[in-house]
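[1] I would like the atomic coordinates for the input below:
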Amino acid sequence: MTPRENGSEEEPVIRDNRKIDPDTGTVRQNAGGEPADGTAPGGTGTSQAPAEGSAADLLAERTADLQRLQAEYSNYRKRVERDRIAVKEHAVASVLSEFLPVLDDIGRARDHGELTGGFAKVSESLEAAVGKLGLSTYGAKGDAFDPTVHEALLHSYSPDVTEPTCIEILQPGYRIGERILRPARVAVAEPAEDEERVEFTGGDDRIDADGGSDESGDN
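    Next comes the predicted model:
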């Protein structure tokens, strides 16, 4: 006896796999509950939204990395340029330091009127050459004393000053830009705090005069 004769044969299952419902004309949902076009149920975004978000985040991260590298490179170039200038100034300063005694001799000869003839021309050429390298002199009578750029060799007190003042330049100072090659060597006068510190001229004459008056009084 066949299964059909026993009446136990199962009825065939018919599945409609059409994506569009012929009755309503709408897109059917698949077995997983998602629309056939990839739109999540109840949502408005597409399946490409997460991928687009990841790409935007990656772009922002790479842009930040590039900006950081550009800033580091800019700082590196500035540091290299600053170091190059410092090395150059140090080399020039080392060479010019050897010429300071010669320049001192030229200055003394000029003060004594001995800078004449060919010696004067050579001196002017030398001073012009070191000037092109950035060497300059400083220090003038009447300047306020600054221990960072002046070296005090002589001290005195004077009622004519209100602050420590350079009253004489014994040797000029030399500098290259802000670098001091040699401080100006000066004589400094400080304000007199009382009469005992004031240096009077002719003190011996007064003593002699007083002594003479005493002797005359004794006579």
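[2] What is the one helix or strand residue 54 maps to packed up against?
    Secondary structure from DSSP states H and E places residue 54 in helix 49-97. Packing contacts for helix 49-97, counted by 3 or more CB pairs under 8 Å, 6 or more residues apart in numbering; DSSP states H and E, involve strand 173-176, strand 179-182. Yep, even glycine has a C-beta here, placed from its N, CA and C like the rest.
[3] Mind doing that once more with 10 Å?
    helix 117-132, strand 135-138, strand 173-176, strand 179-182 (3 or more CB pairs under 10 Å, 6 or more residues apart in numbering; DSSP states H and E).
[4] got the contact list for stretch 72-88?
    With contact meaning CB atoms under 10 Å, 6 or more residues apart in numbering, stretch 72-88 is reached by 134, 177, 179.
[5] tell me the contacts of the last one?
    Contacts here follow CB under 10 Å, 6+ apart; on that basis residue 179 touches 86, 89-90, 92-93, 134.
[6] and with 7 Å instead?
    By CB atoms under 7 Å, 6 or more residues apart in numbering, the contact set of residue 179 is 89, 93.
[7] looking at the sheet around it, what are its partners?
    residue 176 (DSSP bridges).
[8] follow-up on the earlier one: among the helices and strands packed on helix 49-97, which is the most enclosed?
    With neighbours taken as mean count of other CB atoms under 10 Å, those reach their highest mean count in strand 173-176, at a mean of 20.
[9] Dump it to PDB, restricted to CA.
    C-alpha atoms of strand 173-176 as PDB (Å, rounded to 0.1, in the frame of the first residue of the first chain):
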ATOM      1  CA  GLY A 173      83.600  97.500  25.900                       C
ATOM      2  CA  TYR A 174      83.100  95.300  22.900                       C
ATOM      3  CA  ARG A 175      80.000  93.300  21.900                       C
ATOM      4  CA  ILE A 176      78.500  91.400  18.900                       C
END
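[10] can you tell me how far residue 70 sits from residue 62?
    Residue 70 sits 13 Å away from residue 62, taking CB to CB, to the nearest Å as the criterion.
[11] residue contacts, the closest residue to residue 177 other than its chain neighbours?
    Using CB to CB, 6 or more residues apart in numbering and skipping residues adjacent in sequence, the residue nearest residue 177 is residue 134, 6.2 Å away. Listed by CB under 7 Å, 6+ apart, the contact set of residue 134 reads 92, 176-177.
[12] quick revisit: let me know the next secondary structure element after the helix holding residue 54.
    Next along the chain after helix 49-97, taking DSSP H and E as the criterion, comes helix 100-111.
[13] Residues touching stretch 151-171, excluding its own?
    Against stretch 151-171 from outside (CB under 7 Å, 6+ apart): 104, 139-145, 150, 183-192, 197-199.
[14] From the residues you listed, which land in strands?
    With strands taken from DSSP state E, the overlap with the contacts of stretch 151-171 comprises 150, 184-191.
[15] who wins for neighbours among those?
    residue 186 (28 neighbours; other CB atoms under 10 Å).
[16] what pairs with that residue across the strands?
    The partner residues for residue 186, given DSSP bridges, come to residue 152, residue 169.
[17] For it, give me its contacts.
    139, 150, 152-153, 166, 168-170.
[18] now residue 181
    Taking CB under 7 Å, 6+ apart as the test, what residue 181 contacts is 93, 96-97, 100, 174-175.
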